[in-house]
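Asks: Got a predicted model here, sequence first, then my questions.
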Amino acid sequence: MSIFGNQAGSAVSDVSEAAEGESGGGIALVLGAFADLGGKVDKMSSRLKMMGESRPIYFRYITSYPGAAAPPQPVVLAIPEAPSPGHMWYVQRVGVFGSDGHTAVPGVLADIFTGPGEQGSVTPGQPLHNYTDQIYTGLTVPSIVEEGRFHNPMEPNDQVYASVFGVPANQQIVLAILVADYRIDQQEAMTQ
């Protein structure tokens with residue numbers, strides 16, 4: 001027997017019964033809210049998981065024109081690689097250089113394109129006319145252009161190519177790119 005006698009046990013019992021009676025509906029409401037929250041967490045978790053799977057793989061490519069006594073005008077450079085089937089690229093960095101990364105080549109300008117190479121001529125000495133694929137114009141040599149994520153998308157079989165004007169005799173020209181490779185299905189899922 002406690003020092004309070006049976007009255008203390010009875011009071012605790014009365015408070016417990018009163019709490020159940022008054023909050024019985026409240027408990028159900030709280031449990032329902034937790035169930036709803038659990039569903040939302042599951043949806044968010046699956047979205048985050050999908051976004052986590054959509055991390056790019058970065059590739060660097062480079063091509064060059066070695067120079068000639070009488071270079072064709074314009075000099076056309078094409079990166080021979082393209083996104084694989086089921087993948088797409090975002091061009092994040094483009095660089096056009098001379099024989100090194102810092103010496104200016106006076107009077108030389110480059111236009112950069114992305115798209116199906118067969119639509120524009122990639123034959124040396126022939127200008128590129130598919131202006132809808134042009135992403136940069138009038139770049140001096142040397143130049144580096146860097147974009148954020150999701151700029152300059154490329155589909156399978158597209159390529160990066162440049163038309164370089166005013167190339168002097170025996171001048172080397174280099175085209176370098178950095179691309180982010182994504183699976184197409186993951187990119188489509190991110191936009192929904």
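Replies: Here it is on my side, so go on.

Asks: okay, CA-based contacts and neighbour counts for the rest of this
Replies: Fine.

Asks: residues touching residue 91, list them.
Replies: By C-alpha atoms under 8 Å, 6 or more residues apart in numbering, the contact set of residue 91 is 147, 151-154, 177-180.

Asks: just these now: which is nearest residue 63?
Replies: residue 177 (9.2 Å; C-alpha to C-alpha).

Asks: Checking residue 99 next. Helix, strand or coil?
Replies: Classification of residue 99 using DSSP: H, G, I helix; E, B strand; the rest coil returns coil.

Asks: ok, it to residue 71 distance?
Replies: Counting by C-alpha to C-alpha, to the nearest Å, the separation of residue 99 from residue 71 is 15 Å.

Asks: again, but for residue 92
Replies: Taking C-alpha to C-alpha, one finds residue 92 at 29 Å from residue 71.

Asks: Name the nearest residue to residue 108, sequence neighbours excluded.
Replies: Spatial nearest neighbour of residue 108, chain neighbours left out: residue 166 (4.7 Å); criterion: C-alpha to C-alpha, 6 or more residues apart in numbering.

Asks: What about that neighbour, how many residues nearby?
Replies: By the criterion of other C-alpha atoms under 10 Å, residue 166 has 16 neighbours.

Asks: so what's it up against?
Replies: 73-74, 107-109.

Asks: Count the neighbours of residue 63 for me.
Replies: So residue 63, with other C-alpha under 10 Å, has 15 neighbours.

Asks: SS state for it?
Replies: Here residue 63 is recorded as strand under three-state DSSP.

Asks: which non-adjacent residue is nearest it?
Replies: Per C-alpha to C-alpha, 6+ apart, closest to residue 63 is residue 175, 5.4 Å.

Asks: Quick one: the contacts of residue 166 as a markdown table, columns for distance to residue 140, pLDDT and neighbour count too.
Replies: Formatted as a markdown table, these follow (distance: C-alpha to C-alpha, whole Å; pLDDT from 0 to 100; neighbours: other C-alpha atoms under 10 Å):
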| residue | distance to residue 140 | pLDDT | neighbour count |
| --- | --- | --- | --- |
| 73 | 16 | 83 | 16 |
| 74 | 14 | 86 | 21 |
| 107 | 8 | 95 | 11 |
| 108 | 6 | 96 | 19 |
| 109 | 5 | 95 | 20 |
